[in-house]
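Peer 1: this one's structure only:
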Ligand code: OAD
């Protein structure tokens, strides 16, 4: 049997922008409205956990009101003919809802909560808020299952392994500002084809890179055509 080509998609906030989820660093983005260190860092959590809970409760509620877009759906459809792994910095569940089956969430998941002392004690919470005073099984305050600034990124090795085996890497909607995620594409084999989809300039200098300067939905439609040529 013919080996399916391996595609690794590295996705960021931009792939969910057309679903109505605000990105972080674009004009009008979340980090213009909030201080990132107050709401998305381990120090912020220690300083004002109620503010942090409110921030993620709002994000989670909004997630329930949006739908995956054509870019998420095309990535899922590619599984018919390719071995696809999605490595996402996004904490939304739009890849899952579009039907992708292999997804590595580098920065955690909004629809999960965990113990604030034991990172492995994770529970599904769907779209409901986490309340201040709500306890995990170990009696610690329940916190969002999000990887914050100042914390390790446990899934990074699994993601690097996936990228190192890719025939094709597709970078979609990330400003490549946040490490270690931004360094992942450096693990791609020298002969891999690399595509970058973004309507804005993203500074990246790598080997074999084809830039598609489009929004995610249009860019993924183009990729689909290229892959089936
Ligand atoms: P950013 O907000 O930094 O970058 C979003 C990228 O999406 C930019 O390059 C935009 O040009 C692009 N973009 C905007 N609209 C788009 C569209 N319709 N289609 C395609 N691309 C579009 O978001 P990330 O790179 O994902 O982490 O941010 C990385 C991490 O920083 C996040 O995971 C989050 C944040 O702080 C944590 O909070 C831990």
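Peer 2: Okay, I see it. Everything numeric here is computed off the predicted structure, so don't read it as measured data.

Peer 1: where do the helices sit along the protein?
Peer 2: Using DSSP state H, the helices of the chain run over 30-33, 36-39, 42-47, 49-63, 70-77, 94-98, 156-164, 216-228.

Peer 1: Return the residues of the chain in contact with the ligand.
Peer 2: Residues of the chain found near the ligand, taking Cβ under 6 Å from any ligand atom as the criterion, are 12-14, 17-18, 23-26, 29, 36, 40, 89, 107, 147-149, 173-175, 177-178, 197-200, 202, 215-216. Heads up, the C-betas are built off the backbone N, CA and C, glycines and all.

Peer 1: Buried subset of those as a ChimeraX selection?
Peer 2: Buried residues among the residues of the chain next to the ligand (16 or more other Cβ atoms under 10 Å), as a ChimeraX selection:
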select :12,13,14,17,18,23,24,25,26,40,89,107,147,148,173,174,175,178,197,198,199,202,215,216
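
Peer 1: count of neighbours near residue 137?
Peer 2: Counted by other Cβ atoms under 10 Å, the residues lying close to residue 137 total 10.

Peer 1: about what we covered before: return the subset of the residues of the chain next to the ligand lying in strands.
Peer 2: Judged by DSSP state E, strands contain the following of those: residue 197.

Peer 1: And the pLDDT at the closest residue in space to residue 184 that isn't next to it in sequence?
Peer 2: Once flanking residues are discounted, residue 184 sits nearest to residue 163: 5.2 Å by Cβ to Cβ, 6 or more residues apart in numbering. We have a pLDDT of 98 for residue 163.

Peer 1: Next: residue 205.
Peer 2: 71.

Peer 1: Now do the domain split for this protein, please.
Peer 2: According to automatic domain parsing, the chain comprises the domains 1-20+69-78+88-94+155-229, 22-65+108-146.

Peer 1: ranking those domains by burial, who's on top?
Peer 2: Among the domains of the chain, domain 1-20+69-78+88-94+155-229 has the highest mean neighbour count (mean count of other Cβ atoms under 10 Å), at a mean of 19.

Peer 1: The residue nearest to residue 79 when sequence neighbours are not counted: how many residues sit nearby?
Peer 2: Nearest non-adjacent residue to residue 79, counting by Cβ to Cβ, 6+ apart: residue 101, 6.4 Å away. Using other Cβ under 10 Å, residue 101 is surrounded by 11 other residues.
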